[in-house]
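Asks: dropping the sequence and predicted coords here.
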Amino acid sequence: GENVEQHPSTLSVQEGDSAVIKCTYSDSASNYFPWYKQELGKRPQLIIDIRSNVGEKKDQRIAVTLNKTAKHFSLHITETQPEDSAVYFCAAGVTGNQFYFGTGTSLTVIP
Amino acid sequence: DVKVTQSSRYLVKRTGEKVFLECVQDMDHENMFWYRQDPGLGLRLIYFSYDVKMKEKGDIPEGYSVSREKKERFSLILESASTNQTSMYLCASSYTETQYFGPGTRLLVL
């Protein structure tokens, strides 16, 4: 099956700085890459996703890039705010099949 | 808004007990999933279902079983609970790729 690795496991940034979280995957058949945000004590929620036919996708302060050749994808958060503090999970999979999640990154934004 | 609910937020059981965790979704989603979440291990898929009475093993099905008798309800069963099944259990449902998660059940097995 797919193997998704996520780094770093913890990340602290100053408010207003950018944060980058990176994931690699092993199965070249994977074509869908979502990112989920889980605030403390709450359920994971989808924040952005990208498909294999797109190299980059942006939604306000968050963006995701995908490099199919290198089998890695990244989440970029610009102008970080305290409410961005959460655990972020990447995932990879084939549409219509199960996803494989990374181990999570705990992001802390320091005011 | 999609609503996914789980029967309990917190549960304490004893080793050897049979445990039922229930998940209900109200959006007529065909796909339902059970994950367990442990620190440093992320979300690991236990079982999933693409239709009523249908089930597929995920990555860690050992010690668990599932039941899906109705489209909106997906149950996770621990046949004989063990201490290594102490964890947060998350249910999710989806129509397409986007998975909507329930609030989770934190299970402690003593």
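Replies: Okay, I see it. Numbers count the residues shown, from 1 in each chain, chains lettered A, B, ... in the order given.
Asks: what about the worst-scoring helix or strand of chain A on mean pLDDT, near chain B?
Replies: Ranked by mean pLDDT, DSSP states H and E, the weakest helix or strand in chain A is strand A:99-101, scoring a mean of 92. Yes. Applying Cβ under 8 Å from any Cβ of the partner chain, one finds strand A:99-101 touching chain B at A:Phe99, A:Tyr100, A:Phe101. The C-beta positions use only the backbone N, C-alpha and C, and glycine is treated the same way.
Asks: now restrict those to buried residues only.
Replies: Burial of the residues of strand A:99-101 next to chain B was assessed by neighbour count (16 or more other Cβ atoms under 10 Å in any protein chain shown); the buried members are A:Phe99, A:Tyr100, A:Phe101.
Asks: now these in CSV, with distance to A:Gly55?
Replies: Formatted as CSV, those follow (distance: Cβ to Cβ, whole Å):
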residue, distance to A:Gly55
A:Phe99, 20
A:Tyr100, 21
A:Phe101, 22
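Asks: could I get the CA-only coordinates of the helix or strand that A:Thr65 is a member of as CSV?
Replies: Secondary structure from DSSP states H and E places A:Thr65 in strand A:62-67. Taking C-alpha atoms only, strand A:62-67 is exported to CSV below (Å, rounded to 0.1, in the frame of the first residue of the first chain):
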residue,chain,number,x,y,z
ILE,A,62,-3.0,28.6,2.2
ALA,A,63,-1.5,26.9,-0.8
VAL,A,64,-0.5,23.4,-1.7
THR,A,65,2.1,22.4,-4.3
LEU,A,66,2.6,18.9,-5.8
ASN,A,67,5.7,17.5,-7.5
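Asks: now the element after that strand, going C-ward?
Replies: strand A:72-77.
Asks: so what are the sheet partners of that following strand and their directions?
Replies: strand A:19-25 (antiparallel), strand A:62-67 (antiparallel) (DSSP bridges).
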